[in-house]
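1. With the sequence up front, the predicted model follows.
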Amino acid sequence: MGKERIIVHVDLDYFFAQAEEREHPEYAGRPIIVCVYTDIERGRGVVSTANYAARAFGVRSGMPIFEARKLAQGKDAIFLPGNYELYERLSAGIGEIVARYGDTFEQASIDEFFLDLTARCDGDYTKAKEIAEKIKADIFAKYKLTCSIGIGPNKLVAKIASDFKKPDGLTVILPEKVQEFLDPLPIDKILGIGRKTKEYFEARGIKTVRDLRETGAAILIEEFGKTIGNWLYAAARGIDDSPVGLIEGQKQFSRIKTLKEPSDNLDEIIKELDQLVKEVIAEMKRNEVWCKTVGINAVDINMRMHTKSKTLSHPTDEPEILLKRIVELYSELLDEVRLPMRRIGVRVENFESVKGQRKLEEF
DNA sequence: TCAATGCACGC
DNA sequence: CCCTTTTGCATTGA
């Protein structure tokens, strides 16, 4: 009785930059750097994705654009703003291809997909590998894009495996090889271990998954709480029972904007808020929901993030009501934090479906 | 239950 | 030449 699953993780290689290579054959061979611009004239912002030609001289995701420009000096590099409509369109088409091959499908992000092949392959990893090869061939035939695929007994292992050989890789980790595969890897390969957690462990001499495995469950729970502690304990052992499957509707929408110049003037801020509120309301309308909670997030000139939120007595998607609340929250914030704000944002959450609302009214 | 905060994450 | 954006989750404290 096969209790063992076979899970596939498909990761599109340097996706945004590869999509641009595909759209612009004339850029062939040149370094491509896709950016998130906050001020396109002054060239402010960060690097979103760079192709391998750009990575070769040190350009990385999240790097300020001016830094990337320094590294790219004399390298004939191309800097582009993101064309998200293009990426969404490609992503949707590729998702369709991937989904066809499995029993259960999950789009984890714009460039990542999970597939459950348990029933389709009946425990046979050779079959799973053949399917993965077909997925790669199909995606390349239709879109001329490469991806890296990982196969393992669960999502955790499949995702780490897809990252193991890039670009255009295919890595299969048999169940009996999982521990051997994970043990020497740095702990931040594990989903959920980021900069802070890595620092915490490194200060204690814990660098690899093997080191982490030797840390007792009690200590992990003590330090990180029940949920994350238990997850880390299991993950170090290659254990992950999370199912591949549909993700429920979104729970929040937010929009943030970096101001041209930091400001602590409420009127100036209100001018910008108007547009942001419009955008989150448009998202609510698309999803046919009303929000019960409205909030703000702002980053001050010292790069400290501040948040405030207010739960309303009735769910709504009315611009006037939302904007009024948001202005109140900003007014309070500026009173408390007497610093100019560099970024300002709005957030809506705690949704109720409009349909559900109609239903309630029928009672 | 609500509000604030922090971490992760990947583009 | 400083340092984006979006969402989700967990924790904590009232």
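-> That came through, no problem.

2. Could you measure from the closest residue to A:D39 other than its chain neighbours over to A:D317?
-> Sequence neighbours aside, A:K260 is the residue nearest to A:D39 in space, at 6.4 Å (criterion: CB to CB, 6 or more residues apart in numbering). In short, each C-beta sits where N, CA and C put it, glycine included. Distance, A:K260 to A:D317, using CB to CB, to the nearest Å: 29 Å.

3. likewise A:M63?
-> From A:M63 over to A:D317 (counting by CB to CB), the distance is 38 Å.

4. just A:G58 next, same as before
-> 46 Å.

5. same check, this time on A:R255
-> 15 Å.

6. So A:K260 and A:D317 - more neighbours on which side?
-> Neighbour tally, A:K260 and A:D317, criterion other CB atoms under 10 Å: the higher count belongs to A:D317, 19 against 12.

7. show me what contacts the more buried one?
-> Residues in contact with A:D317, defined by CB atoms under 8 Å, 6 or more residues apart in numbering, are A:I281, A:M284, A:K285, A:V289, A:W290, A:C291.

8. switch to 10 Å and redo it
-> When contacts are counted by CB atoms under 10 Å, 6 or more residues apart in numbering, A:D317 is found next to A:280-285, A:288-291, A:348, A:351, A:354.

9. give me phi/psi at it?
-> The phi and psi values for A:D317, taken as degrees, to the nearest 10, are phi -130, psi 20.

10. any idea how far A:F253 is from it?
-> Applying CB to CB to A:D317 and A:F253 gives a distance of 11 Å.

11. go on, A:V354?
-> A:V354 is 15 Å from A:F253, by CB to CB.

12. Please identify which of those two sits among more neighbours.
-> A:F253 (20 against 16).

13. Any residues of the stretch 251-363 of chain A in contact with DNA strand B? List them.
-> Selection of the stretch 251-363 of chain A residues close to DNA strand B by CB under 7 Å from any atom of the strand yields A:K292, A:T293, A:G295, A:M305, A:H306, A:T307, A:K308, A:S309, A:K310, A:T311, A:N350.

14. Which single residue of chain A ends up nearest DNA strand B?
-> Going by CB to the nearest atom of the strand, DNA strand B is nearest to A:G194 of chain A, at 2.6 Å.

15. Which pLDDT value belongs to that residue?
-> Turning to A:G194, the model gives it a pLDDT of 86.
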